[in-house]
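Participant: Provided below are the primary sequence and the corresponding predicted coordinates.
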Amino acid sequence: MPLDADAIVIGGGLAGLVATAELAEAGRKVILLDQEPEQSLGGQAFWSFGGLFLVDTPEQRRLRIHDSRELATQDWLGSAGFDRPEDEWPRRWAQAYLDFAAGEKRSWLHSQGMRWFPIVGWAERGGYLATGHGNSVPRFHVTWGTGPGVLEPFLRRVREAADKGLVSLRFRHRVTGLTTSAGTIDGVEGEILEPSEAARGQASSRETAGAFALKAQAVIVTSGGIGGNHDLVRQHWPRRLGDPPRQMLSGVPDHVDGRMLGITEAAGGRLINRDRMWHYVEGIANWDPIWPQHGIRILPGPSSLWFDARGNRLPVPLFPGFDTLGTLEHLRKTGFDYSWFVLTRGIIAKEFALSGSEQNPDLTDKSWRKVFERATRGIPAPVQAFMDKGEDFIVERDFSRLVARMNALSGENLLDAANLRTQIEARDREVANPFGKDLQMTALRGARAYLGDRLIRTAKPHRILDPAYGPLIAVRLNILTRKSLGGLETDLSSRVLGADGEALPGLYAAGEAAGFGGGGLHGYRALEGTFLGGCIFSGRIAGREAAKAVG
């Protein structure tokens, strides 16, 4: 049977676009398939904040941040906690990715037109010993243009290749199976879905209008993870994090359903580390949802006080922005699916950002005027919109009234105003004291020692109950699904491995479908900025290696 292309790429997200661009640059003919309509090209990356994990960059050095490959390795391995026999390839991928992040990653992306906001963010601070989880220094480089800015060079390269006849973009093509010949993956088959006018991210029709079958020398799976499929999330929920939540918000569109992972497994691919996941605990219901159960993540600074559903302050070092999965584990063991921030207007104006391209119009639109307005005009407009319209926000001058409304919102009447006040007053006594024993206050002062945090991310320390900084604000925080950290096991050429550890001829995987490389290069925990970067890195390798194989 004649070939329809040199390679077929399944999934038009970031990893798929990178793989396609690299294949086309090598002169290979590519068919890029996606079950969604053309308006959703780019997948989850479009909605992202655009943060990239980079090591020892000019942006860091200008802010007097001293970073190195060695320090990044210490942080990565302390976070990953590799401890399984199947971690052999993930560990190798982690080392290769660290070489990339500390090496040519920035220059390669810069050469394609990508630029970054000059203030480097400090995500996942850890709060443990030097060899434990977390970033020792700020490494979160926000792309100028956010998620769309990350996609821009690869969309451009793919469109240019399509104009030259090297790439065929086929939307509404849903793969249902991989085909084989003499033990080699030689193509795909599936259904053509009816046309859809659904806007980007919205649920599209699953009605079929036909079928297709295509042949190629290489097939690359870049179909994403399972974050939009709550049933699968619960099925593979790690017991070390407690029982699966009853209520969750979705941080990704519902087409992120994990179907292609099962299809690839049925064709012989090995899935590993399914119980390693990355979900957030600072999710708020979107007052203007795009997809079902649409949630937005708060990117908090370090000042908000964090309480569980019963009003107990979270233990050290589970402060805002320090340890995502450590906080998730603690909260799951309380038996409740939500928790609370209590803060002031002064804190929310300086410290609250919302994840997502649509929630950051200044950065997404590449507007320095809007950036200046955001930094000088108090509460950012997207945050104010949630304060005004979001179901999870409560704003009150009176503390007793605030707590009464928190109880009313949860419907469980678990919070005791006197107990909550006692804890807040105890913290407030530490504010005027340059010494003290409250480690969150110590962390807050440490954050303000970093110029980037002091300028735009950390409020001046003040008493929560000081009326001058009011009104008071309470935010109900929900669990928000996001990423699969495990996936299809791949070698360093992105070839999918079978149960016997041997590569399946003709089959490759990249992006979240491959655990961002190897079946889980993050191990148990991520350092942030590593999901987009993992898609770029693994997509580049898959595209280049497949191009060599079909040459």
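Facilitator: Done, it's in. Quantities reported herein were computed from a predicted structural model and do not represent experimental measurements.

Participant: for Ala408, what are phi and psi?
Facilitator: Backbone torsions of Ala408, given as degrees, to the nearest 10, read phi -70, psi -40.

Participant: neighbours of it, how many?
Facilitator: 11 (other C-beta atoms under 10 Å). Any C-beta I mention is one placed from the backbone N, CA and C, and that applies to glycine too.

Participant: what about the strands in the stretch 201-350 of the chain?
Facilitator: 208-221, 249-250, 271-272, 277-285, 295-299, 305-308, 338-344 (DSSP state E, counting those that start in this stretch).

Participant: pLDDT on the longest one, on average?
Facilitator: Looking back up the chat, that one is strand 208-221. Mean pLDDT, strand 208-221: 98.

Participant: what residues sit buried inside it?
Facilitator: Buried residues in strand 208-221, counted by 16 or more other C-beta atoms under 10 Å: Phe212, Leu214, Lys215, Ala216, Gln217, Ala218, Val219, Ile220, Val221.

Participant: let me see the contact set for the fifth one.
Facilitator: Same thing as Gln217. Leu3, Asp6, Ala7, Asp186, Gly506, Ala549, Val550 (C-beta atoms under 8 Å, 6 or more residues apart in numbering).

Participant: adding distance to Leu455, write the strands of the stretch 201-350 of the chain out as a markdown table.
Facilitator: As requested, the strands of the stretch 201-350 of the chain are exported to a markdown table (distance: least, C-beta to C-beta, whole Å):
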| stretch | distance to Leu455 |
| --- | --- |
| strand 208-221 | 42 |
| strand 249-250 | 31 |
| strand 271-272 | 42 |
| strand 277-285 | 22 |
| strand 295-299 | 16 |
| strand 305-308 | 23 |
| strand 338-344 | 19 |
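
Participant: out of the contacts of Gln217, which sit inside helices?
Facilitator: Ala549 (DSSP state H).

Participant: of the contacts of Gln217, just say which sits nearest to Leu151.
Facilitator: Ala7 (20.4 Å; C-beta to C-beta).

Participant: check the gap between that closest one and Glu396 for me.
Facilitator: In this view, Ala7 and Glu396 are 58 Å apart by C-beta to C-beta, to the nearest Å.

Participant: looking at these two, which is more packed in?
Facilitator: Between Ala7 and Glu396, counted using other C-beta under 10 Å, Ala7 has the larger neighbour count: 28 against 17.

Participant: what's near enough to touch that one?
Facilitator: Counted by C-beta under 8 Å, 6+ apart, Ala7 has contacts 23, 28-31, 216-220, 546-547, 550.

Participant: what's the closest of those residues to Tyr469?
Facilitator: Ile220 (52.8 Å).

Participant: rewinding a little: which ChimeraX command selects the buried ones in the contacts of Gln217?
Facilitator: Restricted to buried positions by 16+ other C-beta under 10 Å, the ChimeraX selection for the contacts of Gln217 reads:
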select :6,7,186,506,549,550
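
Participant: tabulate the contacts of Gln217 (JSON lines), appending distance to Val403 and pLDDT.
Facilitator: Below are the contacts of Gln217 laid out as JSON lines (distance: C-beta to C-beta, whole Å; pLDDT from 0 to 100):
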{"residue": "Leu3", "distance to Val403": "67", "pLDDT": "95"}
{"residue": "Asp6", "distance to Val403": "64", "pLDDT": "98"}
{"residue": "Ala7", "distance to Val403": "59", "pLDDT": "98"}
{"residue": "Asp186", "distance to Val403": "64", "pLDDT": "97"}
{"residue": "Gly506", "distance to Val403": "61", "pLDDT": "98"}
{"residue": "Ala549", "distance to Val403": "63", "pLDDT": "97"}
{"residue": "Val550", "distance to Val403": "64", "pLDDT": "95"}
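
Participant: of all the contacts of Gln217, which comes closest to Ala499?
Facilitator: Using C-beta to C-beta, these come closest to Ala499 at Gly506, 17.0 Å.

Participant: quick one, what contacts the closest one?
Facilitator: Thr184, Ile185, Asp186, Gln217, Ala218, Val219.

Participant: tell me how many other residues crowd Pro434.
Facilitator: 7.
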